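Asker: got a sequence here, can you model it:
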Amino acid sequence: MENITKVYSNGFVANKNVNFSIHEGEIHALVGENGAGKSTLMKMLFGSEKPDEGRILLHGKEIHIDNPTVAIQYGIGMVHQHFMLVPSLSVADNLVIGMEPKKKGFYDVAKAEAIAREASEKYNLIVDPKAKVIDLSVGLKQKVEILKALVRGAKILILDEPTAVLTPQETKELFIELKNLKKQGYTVVFISHKLHEVKELCDRVTVLRAGKMIGVEEIVNVSEQDISRMMVGRDVRLNIDKERAVAKETVLKVSHVNKANALGKQVLKDVSFQIPRGVILGIAGVEGNGQSEISEIISGMDRDFDGEVEVNGKSTRNMSVRELRENGVAHISEDRMTYGIVGDGSIAENIISDRYYKKKFQKGLLLDQKKIDHMVEELIDKFNVKCDGKDQPIRMLSGGNMQKVVAAREFTNHADLIIANQPTRGIDIGASMFLRNKLVELRDAGASVLLISADLSEVMEVSDRLIVMCGGKISAYFENAEDITEEEMGLYMLGLKQMTPEEIRRASN
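Answerer: Numbers count the residues shown, from 1 in each chain. Below is the predicted model:
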């Protein structure tokens, strides 16, 4: 890709004169902060966006990629972070969508399954062709996505944050499979925020910052610190500085919570735990094992459950969201776009949305705009939000800066309990470290924190105590998060190890 420039209609420059090249048979990392232009650059390579300037060359010849179908014809495939699979169909059905084999004018199921089986064995991405996608683990779904690109003839695979939701065991397996593809002459573009994985897997790394290419390096020549410095333009501390937690009185108490989903499937099974003031309790688990449901129940978004939730000694079941917040609960939702922000609202409007009604922000019958403006500008500065000013629509910000605005609101309302669900998902290393250290600061100031994260290194580094969930129930509890390794935690997450109810009760008391 030569001198690629992409400017959106609102004037935002996503890429400016970017040069990006990959060698046949290499695994090449593409890294950068959120909003650095990685996704836009790859969307142009995959044909879902068009460059305003520049050209793309394949084996030295200029090509024009007008849409993803053309990209596939050139052997370029992309596996998106959010899987593009039809849950109700089988693995084989998903693999052949759009290129269904026919027999006497009808869909040939046996042939589709044969194609899936052959591809699965050829690329050592073993998955049952007859299995329904809805029943697959996240790791298996990802294999189906990669196979889907390979059976369509992809020789260049773009993988967008492929390990974001995998256990250490699944990540290790994926890396073996990617190295196997590399041996067969395939080329992989690996987009990731996890620099230790970039170091372990990749041959070279290209770094983008603010839409421009900062450099390309052989991976053996750079450390994680070097890469992060290139990404953000300054040194970033990659470790959390925290003292041992001092537990005080109980703030959150969850007792025997059970929950069935709309299909009648039990998604939470007799879940009980508590968090004292001054403690960060982490919940780890493969996505879809009850973490989201427990977060929604505690934050008041879901009231259809059996069991009891108490905050500061009061049952939350019949509290409105405002009453819940007045009772000391703050919440960072895993889906910031739907539940964390009002996209068309300004940064200022999003920050004051939980406190505008309070007396100190009112002046007679009106809002005290001067006081609000002063507070908002102070928080923009304190949380290092990169923006054009408090009146800028929040949807114009990068993901990391949106999350900083959400954090600025949730971390400054003097909450006793902070529910942080995937607080750093999809945001760059600088913003991630900032938010992780803020959670520790809030703990030290006397809050209790429930941290739910698919990033195992995050949940282990930030948490004081740790719960592992599998199949909707607690499979392990650790009074000290330092007592477990990532590999051992992966075994509990996959259900290969399980503490007894007595062991869990003993550890949590």
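Asker: from here on, contacts and neighbour counts on C-alpha atoms
Answerer: Noted.
Asker: dump stretch 265-283 to PDB, restricted to CA.
Answerer: Presented in PDB, the C-alpha positions along stretch 265-283 are these (Å, rounded to 0.1, in the frame of the first residue of the first chain):
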ATOM      1  CA  LYS A 265     -31.500 -21.800  29.400                       C
ATOM      2  CA  GLN A 266     -30.000 -21.300  32.900                       C
ATOM      3  CA  VAL A 267     -27.300 -18.700  32.400                       C
ATOM      4  CA  LEU A 268     -26.600 -18.100  36.100                       C
ATOM      5  CA  LYS A 269     -26.600 -20.900  38.600                       C
ATOM      6  CA  ASP A 270     -26.600 -20.100  42.400                       C
ATOM      7  CA  VAL A 271     -24.000 -17.300  42.200                       C
ATOM      8  CA  SER A 272     -23.000 -15.800  45.500                       C
ATOM      9  CA  PHE A 273     -20.100 -13.500  46.500                       C
ATOM     10  CA  GLN A 274     -19.400 -10.200  48.300                       C
ATOM     11  CA  ILE A 275     -17.000  -7.300  47.900                       C
ATOM     12  CA  PRO A 276     -15.700  -5.300  50.900                       C
ATOM     13  CA  ARG A 277     -14.900  -1.600  50.700                       C
ATOM     14  CA  GLY A 278     -11.300  -1.100  49.500                       C
ATOM     15  CA  VAL A 279     -11.100  -4.300  47.400                       C
ATOM     16  CA  ILE A 280     -11.100  -5.000  43.700                       C
ATOM     17  CA  LEU A 281     -12.800  -8.300  42.800                       C
ATOM     18  CA  GLY A 282     -12.100  -9.500  39.300                       C
ATOM     19  CA  ILE A 283     -14.400 -11.900  37.300                       C
END
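Asker: in that stretch, what counts as buried?
Answerer: By 16 or more other Cα atoms under 10 Å, the buried positions in stretch 265-283 come out as 267-269, 271-283.
Asker: and it, average pLDDT?
Answerer: On average, the pLDDT along stretch 265-283 is 95.
Asker: re earlier: and the buried residues of stretch 265-283, which is closest to Gly60?
Answerer: Closest approach to Gly60 among the buried residues of stretch 265-283 (Cα to Cα): Ile283, at 49.4 Å.
Asker: by contact count, what packs against the helix or strand containing the closest one?
Answerer: According to DSSP states H and E, Ile283 maps onto strand 280-284. With contacts taken as 3 or more Cα pairs under 8 Å, 6 or more residues apart in numbering; DSSP states H and E, strand 280-284 sits against strand 448-452, helix 456-462, strand 465-470.
Asker: who does that strand pair up with?
Answerer: Each strand that pairs with strand 280-284, with its direction, by DSSP bridges: strand 448-452 (parallel), strand 465-470 (parallel).
Asker: list the contacts of the worst-scoring helix or strand of the chain on mean pLDDT.
Answerer: None of the helices or strands of the chain scores lower by mean pLDDT, DSSP states H and E than helix 501-508, at a mean of 83. For helix 501-508, the external contacting residues (Cα atoms under 8 Å, 6 or more residues apart in numbering) are Phe273, Ser475, Ala476, Tyr477, Phe478, Glu479.
Asker: what's the closest of the residues you listed to Val405?
Answerer: Nearest to Val405 among the contacts of helix 501-508: Phe273, at 30.0 Å, using Cα to Cα.
Asker: with adjacent residues omitted, what lies nearest to that closest one?
Answerer: Once flanking residues are discounted, Phe273 sits nearest to Val254: 5.3 Å by Cα to Cα, 6 or more residues apart in numbering.
Asker: for the one you found, give the beta-bridge partners.
Answerer: Those that pair with Val254 in a beta bridge, by DSSP bridges, are Phe273, Val309.
Asker: separation between it and Glu308?
Answerer: Distance of Val254 to Glu308, computed by Cα to Cα, to the nearest Å: 6 Å.
Asker: one more: Lys363?
Answerer: Here Lys363 is placed at a distance of 40 Å from Glu308 (Cα to Cα).
Asker: the more surrounded of the two?
Answerer: Set Lys363 next to Glu308 and count neighbours by other Cα atoms under 10 Å: Glu308 wins out with 18 against 12.
Asker: what residues are up against the residue sitting nearest the centre point of the chain?
Answerer: Nearest to the mean C-alpha position of the chain, counting by Cα atoms, centre = their mean, stands Arg425 at 3.3 Å. Going by Cα under 8 Å, 6+ apart, Arg425 touches Glu334.
Asker: helix, strand or coil: sort out it for me.
Answerer: coil (DSSP: H, G, I helix; E, B strand; the rest coil).
Asker: hey, which of the helices and strands packed on strand 280-284 is tucked in deepest?
Answerer: Greatest average neighbour count among the helices and strands packed on strand 280-284 goes to strand 448-452 (a mean of 27), per mean count of other Cα atoms under 10 Å.
Asker: where does pLDDT dip in this protein?
Answerer: Scanning the chain with the threshold set as pLDDT under 70 gives 234-238, 426, 428, 509.
Asker: would you map out the domains in it?
Answerer: 2-232, 239-328+416-509, 340-413 (automatic domain parsing).
Asker: tabulate these (JSON lines), appending distance to Glu334.
Answerer: Shown next, in JSON lines, are the domains of the chain (distance: least, Cα to Cα, whole Å):
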{"stretch": "domain 2-232", "distance to Glu334": "13"}
{"stretch": "domain 239-328+416-509", "distance to Glu334": "5"}
{"stretch": "domain 340-413", "distance to Glu334": "8"}
